[in-house]
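# Sequence and predicted model, in that order:
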Amino acid sequence: MTPELQHSPLEAAHQALGARLVPFAGWYMPVQYTSILAEHHAVRSQAGIFDISHMGQFIVSGPGCAAWLNRLLTNNIDKLALGQGQYTLMLNERGGVIDDLIAYRSGETEFFLVVNASMIEEDFFWLASHQDPDVILRNESELWAGMAVQGPRASAIFAAACPGEPLPPRNGYATTAAAAIVCRTGYTGEDGFEFFCPAAEAIAAWDGFIAAGASPCGLGARDTLRLEMGYPLNGNDLSPERSPIEAGLGFFVDLTKPDFIGRDVLLSQKSAGPAVKLCAIQYTDKGAPPRAHYPVLATDGTLLGELASGVLSPSLMTGIAMAYLPTAFSQLGTPLQIDVRGRQFPAIVVKKPFYKAK
């Protein structure tokens, strides 16, 4: 039996704007309003707004919450000052990725976690199953609506829509007078912020940002934007079978911490070198759009793996993708072939990001 889809508190606004809604991560979400190409370029040149109400929000508090989170997450929570956030990962005992998330220090003994939509229940169960007695863990995902305003004009749009309110610095966290949460983060490579408010206030906030100049954008553009930056998507580029070292996310792993779940496996991988690496791959000529699961071949036709993610880049107008490849084939400039339904298209391993935001 197929689980019933969840509905965003912004769904009526999407329908009024003529969005095409599709199932995504257990939710009914807008994939596009006009076209993925137009929405992508709106974010790169001006500003777009995305519904991120499907993302999960956890509150972790208590006198021992920082030490507890440091045993469950790869990055070092102790480095966060009040009002700062960091990208981090939650691992299983094998060093595989359960989820990637952002943790913000919202109080001296309180943290605000934003997790992926498809992982809300699993993440909460994992955290609860390791919970210390002096730690309070709350899943507030159903209480909040979320929207992300991204693009060069994001700060001007915030100033117009929320006059007098603080826009925190990069990776920062702040609250408004009306108790909304503003995080200076995003998933596009552009400047921007994520805005969380009570679900009942969602449409008014959404309409306010659009009136200030943000163009509504769907999940299609969100995917092309994040892949141009080489940002991973959990479930595609990250999985319980792949570690942050293999995924090239070692920068977000603090191996100097004495103890966190998966640490010993990561230490071994870092010492010996991973057998595979998540590589950025770009077509060297025109070709059919690359998609997840398309085979990746060596120039002699040997199967090396399959694409984890792939799109036609609207900014570069060529195919870009990521795939786990044997280390011997992970060097920059390594020639490859992407098999698209029996046709091979030449590509090479390139450096991330594919696109550098201006």
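Cool, the structure landed.

# where along the stretch 201-350 of the chain do the strands fall?
Secondary structure of the stretch 201-350 of the chain (DSSP state E, counting those that start in this stretch): strands at 215-216, 276-283, 295-297, 303-313, 318-326, 335-340, 343-350.

# One more: the stretch 51-200 of the chain?
Along the stretch 51-200 of the chain, counting by DSSP E, counting those that start in this stretch, strands occupy 56-61, 85-91, 97-107, 110-115, 136-139, 144-150, 173-175, 181-183, 192-198.

# got CSV for the ones you listed, with mean pLDDT too?
Formatted as CSV, the strands of the stretch 51-200 of the chain follow (pLDDT from 0 to 100):
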stretch, mean pLDDT
strand 56-61, 98
strand 85-91, 98
strand 97-107, 98
strand 110-115, 98
strand 136-139, 98
strand 144-150, 98
strand 173-175, 98
strand 181-183, 98
strand 192-198, 98
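
# returning to what we had before: quick one: closest of the strands of the stretch 201-350 of the chain to residue 3.
Closest to residue 3 of the strands of the stretch 201-350 of the chain is strand 303-313 (CB to CB; 24.5 Å). (Each C-beta comes from the backbone N, C-alpha and C, glycine too.)

# Please state the offset of stretch 330-350 from the chain centre?
Stretch 330-350 has its C-alpha centroid displaced from the chain centroid by 25 Å (CA atoms, centre = their mean, to the nearest Å).

# Please name the nearest non-neighbouring residue to residue 277.
With CB to CB, 6 or more residues apart in numbering as the criterion, residue 277 has its nearest non-adjacent residue at 4.2 Å, and that residue is residue 330.

# Need the winner for burial among the strands of the stretch 51-200 of the chain.
Of the strands of the stretch 51-200 of the chain, the one with the most neighbours on average (mean count of other CB atoms under 10 Å) is strand 144-150, at a mean of 25.

# quick one: contacts of that strand?
Strand 144-150 has contacts (CB atoms under 8 Å, 6 or more residues apart in numbering) with 8-10, 43, 47-53, 55, 57, 114, 157-158, 181, 186-188, 190-199, 201-202, 205-206, 209, 214, 225.
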